[in-house]
Each structure stands twice: as structure tokens, then as C-alpha cells.
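>>> mind looking at a prediction? Sequence and model below.
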Amino acid sequence: MPEDSIEHINFEDLNNRAISKPLVDHIFTADPSAHVFNGKIYIYPSHDIDAGEAFDDLGSHFAMEDYHVFSMEDIAGETKDHGVALHVDDVAWAKQQMWAPDANEKNGTYYLFFPAKDYKGVFRIGVATSESPIGPFKARPKPIENSFSIDPAVFKDDDGEYYMYFGGLWGGQLQRWREGVFNNNEPNSPTAHIPKDNEPALLPFVAKMAADLFEFAEAPKEIKILDEDGNLILAGDHNRRFFEAAWLHKRKGKYYFSYSTGDTHFICYAVGDNPYGPYTYKGKILNPVVGWTSHHSICSIKEKDYLFYHDSSLSKGVTHLRSIKMTEIKYRDDGTIVTINPYN
Ligand code: FUB
């Protein structure tokens, strides 16, 4: 929801109309990646703080420094904060901006995947491990080789292979990698290097992970997102084109790739037949929330799917002070998702 409309919102009324309450209110949290490990729900969000950075379209005000892990025994239960699981000071290669993370498990080891800016100001994606889902996590000395941009989401397929989905426009720097190397011309412009409106939109990336989950097993590949006629969605189609917040979940043999449209504030999804796509656009999962960003995950809990998302209702609309929430997703018989309105 655009910043300039915030001043007209009656937050008491809005919070009464919200379909779900913040899962925690003692700190600000965002970008929740939820998983069930050993029958328990774990949430890996960003930890929002006000670091005093000025607001800009590169997201400098998202100056997060650490990650907390949260757990719930069940969907109606208390959300427990397990404290700091990883701090930027403990990541040798990372300088700042610990943005949206994800986690996964393999052979009893838990992996935290996270983007951060390195000392050259370039977003890379790192891996940290722990013997416990709540951490503390120990970061690898270097980021994943050939990683770039933001918002990693790591999906485990039924055959045991793991895939990382990632990418984000503007402050997420995806547009700077169009030639395969980082383009630092016009570094202060969020829209430099974005295709023209009538050209195909920039695409997110996927890479199969190596067996140790520390590196990519292959060069990242673009994920095609097609419209109903089989054409790539165009850069000018801001209501449907990929912006950030990639997520992948599987249902009844179909792969659902979901993402945020950024400046139009929707969570959308597209469906494919394998982890690499192509994916065909199907619709909206979540209408705009209060706050500029929208970022989610989808987690299956006791045979129902839940959307974990965030909004800025608790901070009364402050863009970089968000709160994680959850609500159930409903599917139609044909597998399409019923769009959720976050406020009644
Ligand atoms: O939380 C920082 C950034 O804002 C995330 O990486 C984006 O997806 C957006 O939610």
C-alpha cells in the first residue's frame, strides 16, 4: 500500500478488521519463512529495526542486523521467540542488511539461507548451519559462489533434491545482473537496467543445490513466468510481473511458484509441472497489506496450507517495521487459490 495513503488510515479500525493478528508484538518481524520440522512449526523471519536510515527506493531503511527463530507447537499456540540465531557481526563476508531468510533441514542438520550486502555493497546469499532448528547458526566463511540478489527460498522436492529460488528488483539488485556480472552504473537508481514496459519482465532464478547444501550444483537458471497465452509476462505488467519474495510449494503433483509484485503490492502465483518451470500465471493469493512490502511463505500443517505473511499494522504503517501473521489458504477444486483479503 503506497506510503502517501497511510495518513488516511484509521489503524484502530483497520486492526479490528484484520483477518489475523501479529504472531509476536515484542519485536518487529517480516518475511516469514515457515517450516514444520519434527512435527513443530518453525518460523524464520527478518528482524525489523529502526536503524535511522532514510527511506529510499533501494530499501536502505531495511537495515536489519540479525535473525531470531520462532516456534509454535500448533497453529493456535503461543509463538515462542528463541532469541538471536545469527548476527551480521558473526558473518565474515557480510556487512549489512540481513534481509529475508529461509531455512531447511537435511540429515539432522539445519540450514539458514540468508541474503546480505558484502563489503562491496553487493547482495550475496549465505548459508549457516546448526544442529538445532532454533540455532544458533554458524555461517560459512564465504557466500554461495555465483550467488546474487536477495530472498532465497529453498524447496525440498519429493525425490530429495533441494532447489534455491531467489531474486529481487530495485534494492534487491536483480536488474544489475542482466549481463551476468554486477553492473554498478547508476547505483542510486532503483530502476536503472530494468527492461522497457513492452519487453519481457526480469525473471527470478532457480538453482539445484549441491549435496552439502553449501553451494549451487549448477549455474542458476531463469524461471519463465508465462501469461495465459504462453507469452512471457511483460515488464510493464506491474500487477503480475515478478518483483521479489520467491516461494515454491507443491500440491497434488503441481509446483506453485509464488512471489510479490513489489510496487503493486500483491502476492501472486504461477503453476508448473517441474521445479524449473515454465510457470503459468494463475492469480493473486493476497491483496495488498498495509506497508509497502508484501512477503510470504506457504507451509503445510496437518494437511492444510497456511500463508505466513506480514503487514505494518502494529507500527501504524511504518514501512520497515512489520509484523508476521498467518492465515489459512483455500483451494478451489481445480487447484486455483482463493484470493485472501487481509482486512474484512
Ligand atoms: O525485508 C527486506 C526486504 O523487504 C525483503 O528481502 C523483501 O522481500 C521485502 O520484504
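Noted; the coordinates are in hand. Not measured: the values here are computed from a predicted model. Residues are numbered from 1 along each chain as shown.

>>> so what touches the lowest-mean-pLDDT helix or strand in the chain?
When each helix and strand of the chain is scored by mean pLDDT, DSSP states H and E, helix 11-17 comes last, with a mean of 91. Helix 11-17 is contacted from outside by Val290, Ser313, Lys316, Gly317, Tyr343, Asn344, using Cβ atoms under 8 Å, 6 or more residues apart in numbering. From N, CA and C alone the C-beta is placed, and that goes for glycine too.

>>> show only the entries of those found in strands.
Using DSSP state E, no member of the contacts of helix 11-17 sits in strands.

>>> one step back: list the buried residues in whichever helix or strand comes after the least confident helix or strand of the chain.
Later in the chain than helix 11-17, the nearest helix or strand by DSSP states H and E is strand 28-37. Neighbour counts over strand 28-37 (16 or more other Cβ atoms under 10 Å) mark Phe28, Thr29, Ala30, Asp31, Pro32, Ser33, Ala34, His35 as buried.

>>> secondary structure of Arg124: a helix, I assume?
No. Arg124 is assigned strand when assessed by DSSP: H, G, I helix; E, B strand; the rest coil, not a helix.

>>> got a pLDDT number for the nearest residue to it once chain neighbours are set aside?
Closest residue in space to Arg124, ignoring its immediate chain neighbours: Pro143 at 3.6 Å, by Cβ to Cβ, 6 or more residues apart in numbering. Pro143 is assigned 98 on the pLDDT scale.

>>> next one: Val289
Val289 is assigned 97 on the pLDDT scale.

>>> what sits against the residue most central in space within the chain?
The residue lying closest to the centre of the chain (Cα atoms, centre = their mean) is Ala245, at 3.2 Å. For Ala245, the contacting residues are Asp31, Ala100, Asp151, Gly168, Ser258, Tyr259, Ser260, Ile267, Thr293, Ser294, His295, His296, taking Cβ under 8 Å, 6+ apart as the criterion.

>>> so the helix or strand it falls within versus strand 28-37, what angle?
Per DSSP H and E: Ala245 is located in strand 244-251. Taking axes from the mean of the first three to the mean of the last three Cα atoms, to 10 degrees, one finds strand 244-251 and strand 28-37 inclined to each other by 30 degrees.

>>> adjacent strands (with direction) for strand 244-251?
strand 254-260 (antiparallel) (DSSP bridges).

>>> next structured bit after the strand it pairs with?
Where DSSP H and E defines the elements, the next helix or strand beyond strand 254-260 is strand 267-272.

>>> do that following strand and the ligand meet?
No. Strand 267-272 stays clear of the ligand (Cβ under 6 Å from any ligand atom), getting no nearer than 10.8 Å.

>>> show me the contact partners of that strand.
Contacts of strand 267-272 (Cβ under 8 Å, 6+ apart): 225-226, 240, 245, 254-261, 277-286, 294-296, 307, 309, 335, 337.

>>> if we go to 6 Å?
225, 254-258, 260-261, 279-282, 284-286, 294, 296 (Cβ atoms under 6 Å, 6 or more residues apart in numbering).

>>> I'd like the contacts of Ala245 written out as a markdown table, with pLDDT added.
Putting the contacts of Ala245 into a markdown table (pLDDT from 0 to 100) gives the following:
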| residue | pLDDT |
| --- | --- |
| Asp31 | 98 |
| Ala100 | 98 |
| Asp151 | 98 |
| Gly168 | 98 |
| Ser258 | 98 |
| Tyr259 | 98 |
| Ser260 | 98 |
| Ile267 | 98 |
| Thr293 | 97 |
| Ser294 | 98 |
| His295 | 98 |
| His296 | 98 |
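
>>> need those residues in CSV (columns: distance to Tyr42).
Shown next, in CSV, are these (distance: Cβ to Cβ, whole Å):
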residue, distance to Tyr42
Asp31, 14
Ala100, 15
Asp151, 18
Gly168, 23
Ser258, 20
Tyr259, 22
Ser260, 22
Ile267, 21
Thr293, 22
Ser294, 22
His295, 17
His296, 16
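
>>> who wins on neighbours among those?
Highest neighbour count within those: Tyr259, with 32 neighbours (other Cβ atoms under 10 Å).

>>> which stretches of this structure have low pLDDT?
Low-confidence segments of the chain (pLDDT under 70): 1-5.

>>> circling back: for the residue nearest to Arg124, give me phi and psi.
phi -70, psi 170 (degrees, to the nearest 10).

>>> can you list the residues of the protein near the ligand?
Counting by Cβ under 6 Å from any ligand atom, the chain sits next to the ligand at 30-31, 46, 62, 99-100, 150-151, 168, 244-245, 293, 295.
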